[in-house]
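[1] Quick one, what's the 3D model for this:
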Amino acid sequence: MHRGMATAPVERLAKERGESVISNMKYNYTIKPTAEGGVITRAHGFEQQHFSAFNVKDGKFKMEAMNNLMLLRIDNTARGRTHGPLVNKGNIIHKFEDVDINFPMMMQNLNNPVPKAIELVKRLSDLNRASIDNATTEDSMKLYHLLRVIPNEGLENMWKELAGNPTYRSWFLDSIVEIADVKVLNFIETRFKANDLTHFEALQTILMAFHHLQVTPQLLEITKVFLKLPFSKSDPYLWRTVVLSYGSLANKYCVYTMPCLVTAVQPLMEMATEALRSGNKEEMVIALKALGNAGHPGSMKTIMRFLPGVSVTPLDLPLRVQSAAVQAMRLMVTRDPHSVR
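    As a prediction, the model looks like this:
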């Protein structure tokens, strides 16, 4: 279980209620004795995972993976023997690059990925039209893998091919958020500037894209663009989603980045200050809620301007604005309890 839309910090009660993921792994080895020692002739690996958003026995989602290795022949066995004591050369260190995180492990040919991805979108859409087809799970993983290797131009070509069909269009928008890098942000920004998404499509796509994004300083700067696009403000529900999602994304960024500079929430602080200056009550509430999602201690002074009895220049603000200001400090308690107190 996680706290917040960005699901950044793990909820403390998760372990008390039961783990969401349970894994079982089993390895069997067949060893043949020889004059020089044992030789592994066969290895069998089996892994089973159960996942559930709730504490349900056996889980809601089950995945099984098996791997078999068999010794076919032995070549070039002649080698020098080692005499004397063994020398400790340290531990084996594995280094994983960030660029490969969350890549699904699917064995497939990645050459010419655009036609393959288009075909998979159409196939998944047709097979899951009336009901969910569990047999298409592997195709979904293959589609995510292909989308992550397709460049921006390829994604634009896919959009031109699929946007005319409402069902294909919906599947493509739901799948593209799994790219989780700068390409999906560039794609959504292009759609916002072209105004070729409905407000509901834009709302759902931006929400899931921010939710899945592996936020970095560079990506956080790019997401600030959505706070300035006219299309983001063309619908009140879409605007609220963009602002609140950015606040959660800033929180997710600060959880894993130390120190987290106040520039991460600077657009939200400016929005709150401008709303206070113009007297726009709705914008005040949205900005304060977004600052609450971010939970950055650097925004404390901005929030204090909305609190009665604390602000240097007291203002007659509605109760719901004051309530939003108080609730905006809920995530700051763990980071700066002294200031909140």
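
[2] Quick one: residues in contact with the helix or strand hosting E161.
    For E161, the element it lies in under DSSP states H and E is helix 152-162. Applying Cβ atoms under 8 Å, 6 or more residues apart in numbering, the contact partners of helix 152-162 are 113-114, 117-118, 121-122, 147, 150, 168-169, 171-172, 176, 183, 186-187, 190-191. For the C-beta atoms, the positions are set from N, CA and C on the backbone; glycine is no exception.

[3] Which ones among these map onto helices?
    Those of the contacts of helix 152-162 mapping onto helices are 113-114, 117-118, 121-122, 147, 168-169, 171-172, 176, 183, 186-187, 190-191, per DSSP state H.

[4] Please indicate which of these are buried?
    Among the ones in helices among the contacts of helix 152-162, those classed as buried by 16 or more other Cβ atoms under 10 Å are 113-114, 117-118, 121-122, 147, 168-169, 171-172, 176, 183, 187, 191.

[5] Would you mind measuring from the closest residue to R123 other than its chain neighbours to A209?
    Counting by Cβ to Cβ, 6 or more residues apart in numbering, D139 is the residue found nearest to R123 once chain neighbours are left out, at 6.4 Å. In this view, D139 and A209 are 22 Å apart by Cβ to Cβ, to the nearest Å.

[6] Then G154?
    G154 is 18 Å from A209, by Cβ to Cβ.

[7] swap in S245?
    For S245, the distance to A209 - Cβ to Cβ - is 9 Å.

[8] same check, this time on A65
    In terms of Cβ to Cβ, A65 sits 28 Å off from A209.

[9] same question, G45
    For G45, the distance to A209 - Cβ to Cβ - is 35 Å.

[10] So those two - more neighbours on which side?
    Using other Cβ atoms under 10 Å, the more surrounded residue of G45 and A209 is A209, with 23 against 14.

[11] Now L220: closest residue in space, sequence neighbours ignored.
    Y253 (5.4 Å).

[12] Beyond the host helix or strand of the one you found, next helix or strand please.
    Under the criterion of DSSP H and E, Y253 resides in helix 236-256. Counting by DSSP H and E, the next helix or strand C-terminal to helix 236-256 is helix 266-278.

[13] Can you pull out the low-pLDDT segments for this structure?
    Across the chain, residues meeting the criterion (pLDDT under 70) sit at 1-20, 52-60, 76-83, 93-107, 311-314.

[14] can you give me the strands in it?
    21-34, 37-51, 61-70 (DSSP state E).

[15] which of those strands sits most buried?
    Highest mean neighbour count of those: strand 37-51, a mean of 13 (counted as mean count of other Cβ atoms under 10 Å).

[16] Nothing else from me, thank you.
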